[in-house]
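*Asks:* Using only what follows, build the 3D model:
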Amino acid sequence: MEPKSTTPPPPVPVLGAPVGYPPPGVYPGAAAAGYPHAPALYAPPPPPPAVSAASQQAAAQQLQVFWADQYREIEATTDFKNHNLPLARIKKIMKADEDVRMIAAEAPVVFARACEMFILELTHRGWAHAEENKRRTLQKSDIAAAIARTEVFDFLVDIVPRDEAKDAEAAVAAGMPHPSAGMPAADGMGYYYVPQQ
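*Replies:* This is a model prediction of the structure:
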């Protein structure tokens, strides 16, 4: 007859709640009980690089200065003839939608300015990530990190793929559990498909 265990049974998982693999305390003595593979399989991920509060505050301050400068530039703009992005290309993209018949002359100008500001902000956020990692070269991974960190850019998550190693670091930094080998990563926020009615 086996001796009775004094440890309580593991808690029942709640459907849809993020669960670590395995939940903490499920295998308290796995290595001691003769399962040497358990610690390697469920080894905790390396800690994320420590980002100082001062560098985060400096990045936020740079973004505030950026937007203040953009606002002043918009207010002071009187010449709408010179653009950094080609208006013909913007108009061609707009015409790609078959429902669009006519485009006012001002619309591509507004889109050009909006696209320029979008690129500038994404570059600023990516640069802040590069500086956190003590680099002076903006890389694709910096842009991907800026997209992952900023809720407004969530629509780009599927467009700008990230390396799986980088995804694991970002998940740990966001407080999401570390998936085990062969198991899907737990999503901190559920996504639901709502069929059209």
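*Asks:* contacting residues around stretch 57-67?
*Replies:* For stretch 57-67, the external contacting residues (Cβ atoms under 8 Å, 6 or more residues apart in numbering) are 120, 121, 124, 125, 128, 131, 132. Where you see a C-beta, it was placed from the backbone N, CA and C, and this is true even at glycine.
*Asks:* Alpha carbons of that stretch, in PDB - could you do that?
*Replies:* Taking Å, rounded to 0.1, in the frame of the first residue of the first chain, the C-alpha atoms of stretch 57-67 are listed here in PDB:
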ATOM      1  CA  GLN A  57      11.300  57.600 -18.600                       C
ATOM      2  CA  ALA A  58      13.800  59.100 -21.000                       C
ATOM      3  CA  ALA A  59      12.200  57.200 -23.900                       C
ATOM      4  CA  ALA A  60       8.700  58.500 -22.900                       C
ATOM      5  CA  GLN A  61      10.100  62.000 -22.600                       C
ATOM      6  CA  GLN A  62      11.600  61.700 -26.100                       C
ATOM      7  CA  LEU A  63       8.200  60.700 -27.500                       C
ATOM      8  CA  GLN A  64       6.500  63.700 -25.800                       C
ATOM      9  CA  VAL A  65       9.100  66.000 -27.300                       C
ATOM     10  CA  PHE A  66       8.600  64.300 -30.700                       C
ATOM     11  CA  TRP A  67       4.900  64.800 -30.600                       C
END
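*Asks:* Please, which helix or strand holds the nearest residue to residue 131 once chain neighbours are set aside?
*Replies:* If you skip the residues right next to it in sequence, residue 131 has residue 55 as its closest partner in space, 7.1 Å away by Cβ to Cβ, 6 or more residues apart in numbering. Take DSSP states H and E as the rule and residue 55 turns out to sit in helix 53-76.
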